[in-house]
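Asks: Build me a model:
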Amino acid sequence: MARYVGAIDQGTTSTRFMVFDRDGLPVASHQLEHEQVLPRAGWVEHNPVEIWERTSAVVQTALGKAGLCAGDLSAVGITNQRETTFVWDRRTGRPVHNAIVWQDTRTDHIAAALDRDGRGDVIRHRAGLPPATYFSGGKLQWILEQVPGAREAAERGDLLFGTADTWLLWNLTGGTDGGVHLTDVTNASRTMLMDLETLDWDEELLGFFGVPRQMLPTIRESSALEPYGVTRRHGPFAGEVPITGVLGDQQAATVGQVCFAPGEAKNTYGTGNFMLLNTGTEIVRSGSGLITTPAYRFGDEPCVYALEGSIAVTGSAVQWLRDQLGIISGASQSEVLAAQVPDNGGVYFVPAFSGLFAPHWRSDARGAIVGLSRYNTNAHVARATLEAICYQSRDVMEAMTADSGVHLEVLRVDGGVTANSLCMQIQADVLGVPVSRPVVPETTALGAAYAAGLSTGYWSSTDELRQNWREDTRWEPQWSEDQRAEGYAQWHKAVQRTLDWVEVP
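Replies: The predicted model follows:
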């Protein structure tokens, strides 16, 4: 009997392959970064071929380091950056354009037009999403309109669309030689093209963006009733392994954090921040700027939904300190530098590099550092960056409370930034609730493994998965209520300074 389950975690800045045992503990892992292509201000792209090559490399390296082979794996799951848009030729396997990343803002004119003529309200109700540059539909429209010959090829049936999960699944199962063209409900829901109730592509929404239906993948459940496909012997696994789990990265983290009951929530700290609140099988429509989204669908069970608050720039703001400003040499140094000062010295940093996502949805906003005086140092800027991560998360939590009536008793956290203890302490202080990190922080990959393993019977039930979850560290709030209220009021003043900076067509 196969001893383990594997998970491909294809993220915004890197791709990782992990292998987990029955206790949900990692036994093998390898990770590689890929290039962030920035052709002009506001544009963010990835090379699809590089992502496939990195995926192949991390699978081969992780298995090799652990002395494992395809026969050791019961199944493989895939989790991925969600809205990033891939379009390729089904005959050659070649992309027609670089993948357009979820952070990209080139489609702001498309989003603005949808809101002006009332189509935006249809999208909000049917897809659960505001018309925004964030989602895939506008990016796909842009490729069809701007790449010579793309629309004609799509209408002939020669082009395929997918998010990263679909691109990898197609390549892993054979590519031009019989590769399957599938996605799951969580990824499909991020396109502005899927109906939340039918869990299928919607003809009216497709018409809004001029998208031919034949280029879209078939939508499946997140934990497969039957395998989506099997890996090819000549591929990175060097053998046949069923691929049985697919989840968008934030939904995968929700599963990895075993938030299976309505009212349970998690916050993932990666390139951006993503807080999800399980609302059960009920579709809760937000009146406070949140997204309504499928959380997961296991086999033939009803779909479970969530409210989500998506924040564009959090961990990537720390990268900006490193790569653009050069005031730190690595992400871990942000904690050391910020700890040199007891507070932010009056400095607030709103990293609205791609506009503001939930709950504001303002594509006209741009980043700002306010409150500077001669007293301030790079340490204050570093601390303000960590505080920005936490204040943006509070904005989302306040919106969730307004929509759901749920007052969180504890926030489960995961992702790379949670290694920064100072940031997590600030998060507890800003929210006024305890913050809890699990023993296995790689919950995104773990959630994909759980979805895959549930399908094959490697794990018997979600109750068994709950037994795997264990707390590693808990941060308790230390600020007084007055400190918390004053800091949050100043944060709101800073956010106001970022608005109306860019003219949206």
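
Asks: Look up the closest residue to residue 479, ignoring the ones flanking it.
Replies: Excluding the flanking residues, the one nearest residue 479 by C-beta to C-beta, 6 or more residues apart in numbering is residue 429, at 4.0 Å. Bear in mind the C-beta positions are built from the backbone N, C-alpha and C, glycine included.

Asks: now that neighbour: how far from residue 391?
Replies: Going from residue 429 to residue 391 by C-beta to C-beta, to the nearest Å gives 11 Å.

Asks: can you tell me the helix or strand for the residue of the chain positioned farthest from its centre?
Replies: Distance from the C-alpha centroid of the chain peaks at residue 374, with 38.2 Å (C-alpha atoms, centre = their mean). Residue 374 belongs to no helix or strand when elements are defined using DSSP states H and E.

Asks: could you check the distance from it over to residue 60?
Replies: 54 Å.

Asks: Could you do residue 255 as well?
Replies: 26 Å.

Asks: Equivalent analysis for residue 231, please.
Replies: 12 Å.

Asks: returning to that earlier point: can you confirm the residue nearest to residue 479 is in a strand?
Replies: No. The assignment for residue 429, made by DSSP: H, G, I helix; E, B strand; the rest coil, is helix rather than a strand.

Asks: contacting residues for it?
Replies: 390, 477, 478, 479, 483, 484 (C-beta atoms under 8 Å, 6 or more residues apart in numbering).

Asks: hmm, which of those residues are the buried ones?
Replies: 390, 477, 479, 484 (16 or more other C-beta atoms under 10 Å).

Asks: State the phi and psi torsions of the first one.
Replies: Recorded main-chain torsions at residue 390 are phi -80, psi -40, according to degrees, to the nearest 10.

Asks: mind checking pLDDT for it?
Replies: According to the prediction, residue 390 has pLDDT 96.

Asks: Surely it is in contact with residue 422?
Replies: No. Under the criterion of C-beta atoms under 8 Å, residue 390 is not in contact with residue 422, lying 10.4 Å apart.

Asks: got any ranges where this protein has weak pLDDT?
Replies: 1, 504-505 (pLDDT under 70).

Asks: distance of residue 151 from residue 87?
Replies: Counting by C-beta to C-beta, the gap from residue 151 to residue 87 is 11 Å.

Asks: hang on, the earlier thing: tabulate the contacts of residue 429 (a markdown table), appending distance to residue 40 and secondary structure.
Replies: As requested, the contacts of residue 429 are arranged in a markdown table below (distance: C-beta to C-beta, whole Å; DSSP: H, G, I helix; E, B strand; the rest coil):
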| residue | distance to residue 40 | secondary structure |
| --- | --- | --- |
| 390 | 31 | helix |
| 477 | 43 | coil |
| 478 | 44 | coil |
| 479 | 41 | coil |
| 483 | 41 | helix |
| 484 | 40 | helix |
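
Asks: buried residues in stretch 128-146?
Replies: For stretch 128-146, the neighbour count (16+ other C-beta under 10 Å) marks 128-144 as buried.

Asks: what's the span of that stretch from first residue to last?
Replies: 27 Å (C-alpha to C-alpha, to the nearest Å).

Asks: What lies in contact with stretch 437-445?
Replies: In this structure, residues lying in contact with stretch 437-445 by C-beta under 8 Å, 6+ apart are 7-9, 11, 16, 18, 20, 24-26, 29, 79, 249-250, 252-253, 256-257, 266, 268, 412-415, 418-419, 424, 446, 469-474.

Asks: go on, stretch 43-56?
Replies: Counting by C-beta under 8 Å, 6+ apart, 8, 10, 14-15, 17, 32-39, 84, 86, 88, 95, 98-101, 103-106, 164, 167-168, 171, 235-236, 354 sit against stretch 43-56.

Asks: so how far is that stretch from its chain's centroid?
Replies: 16 Å (C-alpha atoms, centre = their mean, to the nearest Å).

Asks: Then stretch 425-442?
Replies: 19 Å.

Asks: Return the set of buried residues in it.
Replies: Taking 16+ other C-beta under 10 Å as the criterion, stretch 425-442 shows 425-431, 433, 435-438, 440-442 as buried.

Asks: between residue 151 and residue 87, which one's more packed in?
Replies: residue 87 (25 against 18; other C-beta atoms under 10 Å).

Asks: now the strands for the stretch 51-200 of the chain?
Replies: 73-80, 86-89, 99-100, 159-162, 182-184, 194-195, 200-201 (DSSP state E, counting those that start in this stretch).

Asks: Please name every helix or strand in contact with the first one.
Replies: To tie it back to what came earlier, the one meant is strand 73-80. strand 4-10, helix 164-172, strand 242-248, helix 249-256, helix 443-456 (3 or more C-beta pairs under 8 Å, 6 or more residues apart in numbering; DSSP states H and E).

Asks: and the angle for that strand with helix 249-256?
Replies: 130 degrees (axes from the mean of the first three to the mean of the last three C-alpha atoms, to 10 degrees).

Asks: ok, strand 73-80: who's next to it in the sheet?
Replies: Strand 73-80 sits in its sheet next to strand 4-10 (parallel), strand 242-248 (parallel), going by DSSP bridges.

Asks: same thing with the fourth one?
Replies: Using DSSP bridges, strand 159-162 pairs in its sheet with strand 86-89 (antiparallel).

Asks: Could you dump the helices and strands packed on strand 73-80 into CSV with distance to residue 272 added?
Replies: Listed next are those as CSV, based on distance: least, C-beta to C-beta, whole Å:
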stretch, distance to residue 272
strand 4-10, 15
helix 164-172, 15
strand 242-248, 13
helix 249-256, 9
helix 443-456, 13
